[in-house]
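A.B. asks: would you be able to build a 3D model of this:
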Amino acid sequence: MIALIQRVLSASVSVDRTVVGEIGPGLLVLLGVEKEDDEKRAERLAEKVLGYRIFSDEQGKMNLNVQQAGGSVLVVSQFTLAADTQKGMRPSFSRGAAPDEANRLYEYFSDCCRRQGVTTANGRFAADMQVALVNDGPVTFWLQV
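C.D. replies: Now for the predicted structure:
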């Protein structure tokens, strides 16, 4: 399971020009689900995402996690993160989980975040989405479990 996380001042996701999820300061999480992923990996990744200390403390150092900073999380499914780009000029998506399983684990990951007390918004799985964000920093990290 892969999470591309971005520290944001704000982020939103729209489908058919209608906002379906939005947050203020916090994390935009682009989530890719691979074939071998399961609930345990989703739990570990959610723990890592929520615990990752990328928000500034009073001294301006990255010492706070999203909860400590009072931020929210916007989770957007992005199967392209599971692409194999090693050969040729066209990505292969053979490592990605089947859609039903990917959706289940995407929802499970989001629920893991909510259970930790973090306000969590979502995109719409398998939809053509438009994501808008104001990246703070910019600060972007690739996390994988």
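A.B. asks: what does the lengthiest helix in the chain contact?
C.D. replies: With secondary structure taken from DSSP state H, the chain has its longest helix at helix 99-115. Helix 99-115 has contacts (CB atoms under 8 Å, 6 or more residues apart in numbering) with 1, 31, 33, 37-39, 42-43, 45-47, 49-50, 73, 75, 77, 79, 96-97, 120, 122, 125-126. In short, each C-beta sits where N, CA and C put it, glycine included.
A.B. asks: can you give me the offset of the following helix or strand past that helix from its chain's centre?
C.D. replies: Using DSSP states H and E, the next helix or strand after helix 99-115 towards the C-terminus is strand 120-122. In terms of CA atoms, centre = their mean, to the nearest Å, the centre of strand 120-122 is set 10 Å apart from its chain centre.
A.B. asks: use 10 as the first number for this chain going forward.
C.D. replies: Okay, residue one is now 10; in that scheme the one you just asked about reads as strand 129-131.
A.B. asks: reduced to three states, what does the residue sitting nearest the centre point of the chain come out as?
C.D. replies: Closest to where the C-alpha atoms of the chain average out (CA atoms, centre = their mean) is residue 38, at 1.8 Å. Under DSSP: H, G, I helix; E, B strand; the rest coil, residue 38 falls in the strand class.
A.B. asks: how many neighbours does the residue nearest to it when sequence neighbours are not counted have?
C.D. replies: With sequence-adjacent residues excluded and distances taken as CB to CB, 6 or more residues apart in numbering, residue 38 is closest to residue 84, at 4.7 Å. Residues contacting residue 84 under the criterion other CB atoms under 10 Å number 26.
A.B. asks: wait, residue 84 touches residue 131, no?
C.D. replies: Yes - using CB atoms under 8 Å, residue 84 makes contact with residue 131 at a distance of 5.3 Å.
A.B. asks: longest strand in the protein, by number of residues?
C.D. replies: strand 138-153 (DSSP state E).
A.B. asks: flag every buried residue along that one.
C.D. replies: 138, 140, 142, 145 (16 or more other CB atoms under 10 Å).
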